[in-house]
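1. 3D model of this:
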Amino acid sequence: MGSGLATKSFALLCFLFLCGTSSLQAEKHSLYYIYTALSKPVALPGIYEFTAMGLLDDRQIDYYNSKEKRKIPTQHWMKEKMQEDYWEKGTQSRKSKEQWFNVNVNILMNRMNDSETDVHVLQWRHGCEIEGNGGNKQNFSKGIDEYSYDGENFLSFNDKDSQWVAPVDAALPTKRKWDNVPILNQYTKGYLEKECVDWLNKFREYGEEELGKSSPPDVRVSAKKSTSDKTKLKLTCLATGFYPKDVVLEIRKFRTSLPEDEVESTGVRPNHDGTYQLRKSVDIKEDEKAEYDCYVSHKTLKQPIIEKWEFTESYGSMEEKLGQAETLTK
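-> Next up is the predicted model:
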């Protein structure tokens, strides 16, 4: 399978789970596996009835889909360090999970009384996070084992209480069934707190050189006519090309950050090269005489980047002048 299709699936995954920002204070690392099953095929390139992928610090490290039916490495150091039997065993495990998902997505459709003519999505995400102040071995911070159906929370594991949580009535039969098997919950807790952390540290050691690389954000500010209100401009701040993905981006007016509820945000999204981007926008009055800027903070920066954008005259007249200049040069 080509890397381009894996990237498309990774982008879809981040859209569904809304890859977001987190605190910049402590050093954090994560290992997650995400499985996605569709109730029927769709005619879209790179989108399969079943996919599975591993994400180490938000970078895809392995991939499986229902067409090729092989678990493959997507980082060169994973291919070099992990023996062939690791990939063979992983392939068999993915095939088993594919069968499980195919059965259970149909069970949920029946339980929800959903139409078979529509496409429904069952996802499972499980893994762990570690946190510390540096060093190779860090402490367990959080474990996640959760299921979603059609983008809504369906069932999740409470690691502290070793119990399943059902936010919707349709999940209650599954919760009761799984909670009545204590050894299953004990295994889930043990995997999240111990086995997952061991794999996370091992993978980070293998990919230390690659994962240690970081990239600062490229920050751009621009404005154009608002499509919803012709008397306003849409001011946009874009930070792109940064890694790791934790970033702070604020739109400021006279050096005061605008409230987040006034700002549109794409959330942090992946670029094709393993870096990330974040875009935020706000509608402002076209004739307003104010100083705006984009404020961006990232661990690669000694000082935050402040990219200014100021009104010097009516933006509409400036657009007209630029248009006239372009016409005269033709």
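2. where along the stretch 151-300 of the chain do the helices fall?
-> For the stretch 151-300 of the chain, the helices defined by DSSP state H, counting those that start in this stretch cover 172-179, 182-190, 196-206, 208-211.
3. residues contacting Arg111?
-> Ala170, Pro173 (C-beta atoms under 8 Å, 6 or more residues apart in numbering). The C-beta positions use only the backbone N, C-alpha and C, and glycine is treated the same way.
4. ok so, going back, what's the closest of the helices of the stretch 151-300 of the chain to Thr91?
-> helix 196-206 (17.2 Å; C-beta to C-beta).
5. sorry, back to before: winner for burial among the helices of the stretch 151-300 of the chain?
-> helix 196-206 (a mean of 18; mean count of other C-beta atoms under 10 Å).
6. thinking again about what came up before, would you turn the helices of the stretch 151-300 of the chain into JSON lines with mean pLDDT and distance to Asp145?
-> Shown next, in JSON lines, are the helices of the stretch 151-300 of the chain (pLDDT from 0 to 100; distance: least, C-beta to C-beta, whole Å):
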{"stretch": "helix 172-179", "mean pLDDT": "96", "distance to Asp145": "11"}
{"stretch": "helix 182-190", "mean pLDDT": "96", "distance to Asp145": "6"}
{"stretch": "helix 196-206", "mean pLDDT": "95", "distance to Asp145": "10"}
{"stretch": "helix 208-211", "mean pLDDT": "84", "distance to Asp145": "24"}
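7. which one of the ones you listed lies nearest to Leu56?
-> helix 196-206 (5.1 Å).
8. chain center to the closest one: distance?
-> 20 Å (C-alpha atoms, centre = their mean, to the nearest Å).
9. run through who's touching it.
-> 29-31, 56-57, 61, 77-78, 81-82, 126-128, 130, 136-138, 140, 143, 211.
10. let's see which of those end up in strands.
-> With strands defined by DSSP state E, the entries of these inside them are His29, Ser30, Leu31, Leu56, Ile61, His126, Gly127, Cys128, Ile130, Phe140, Gly143.
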